[in-house]
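Visitor: A predicted structure for the sequence below; I have some questions about it.
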Amino acid sequence: MEKLTNKEEEIMRVLWKLKQAFVKEVVAELPEPKPHYNTISTVIRNMEEKGFISHNAFGKTHQYYPVVSKEEYKKTFMHKTIQHYFEDSYKNVVSFFAKEDKISVSELKEIISIIEKNQKKQS
């Protein structure tokens, strides 16, 4: 799976939120200044060619919907980010956020609790 551009990711977030939408509905959800309808339509068609979205035809109009789930996309690119920037170590990820004061002790305890629960399920 290839990485989406920033604009494509922005559109995907709208489609994940709305579940399905016409181009005009996607444009309405985007922040100001609103991009031109034709620009978004072109980006959406490119995303469809890449296999991220598909459509239902209603005459000459199309209603688009995501083919790739948010979870699937997140898993793929989080894994690649961790491989490339954190030497494939989740410990390095958590350490990075701890050093940057982006994670609290209570959040770390919650993470440990989740890990322990998952280990009990696997036993």
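Guide: Thanks, I have it. Numbering: from 1, shown residues only.

Visitor: residue 55 is in contact with residue 61, isn't it?
Guide: No - using C-beta atoms under 8 Å, residue 55 is not in contact with residue 61; the gap is 9.3 Å. (Each C-beta comes from the backbone N, C-alpha and C, glycine too.)

Visitor: so what does the top helix by length along the chain touch, helix or strand wise?
Guide: For the chain, the helix with the greatest residue count under DSSP state H is helix 105-122. Judged by 3 or more C-beta pairs under 8 Å, 6 or more residues apart in numbering; DSSP states H and E, helix 105-122 is in contact with helix 90-99.

Visitor: mean confidence for the helix it packs on?
Guide: Mean pLDDT, computed over helix 90-99, is 89.

Visitor: export only the CA atoms of it, formatted as PDB.
Guide: Output of helix 90-99 as PDB, limited to C-alpha atoms (Å, rounded to 0.1, in the frame of the first residue of the first chain):
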ATOM      1  CA  TYR A  90       8.100   0.100  20.200                       C
ATOM      2  CA  LYS A  91      10.100   0.800  23.300                       C
ATOM      3  CA  ASN A  92      11.900   3.500  21.400                       C
ATOM      4  CA  VAL A  93       8.600   5.000  20.400                       C
ATOM      5  CA  VAL A  94       7.400   5.200  24.000                       C
ATOM      6  CA  SER A  95      10.800   6.500  25.200                       C
ATOM      7  CA  PHE A  96      10.600   9.200  22.500                       C
ATOM      8  CA  PHE A  97       7.300  10.400  23.800                       C
ATOM      9  CA  ALA A  98       8.300  10.200  27.400                       C
ATOM     10  CA  LYS A  99      11.400  12.300  26.700                       C
END
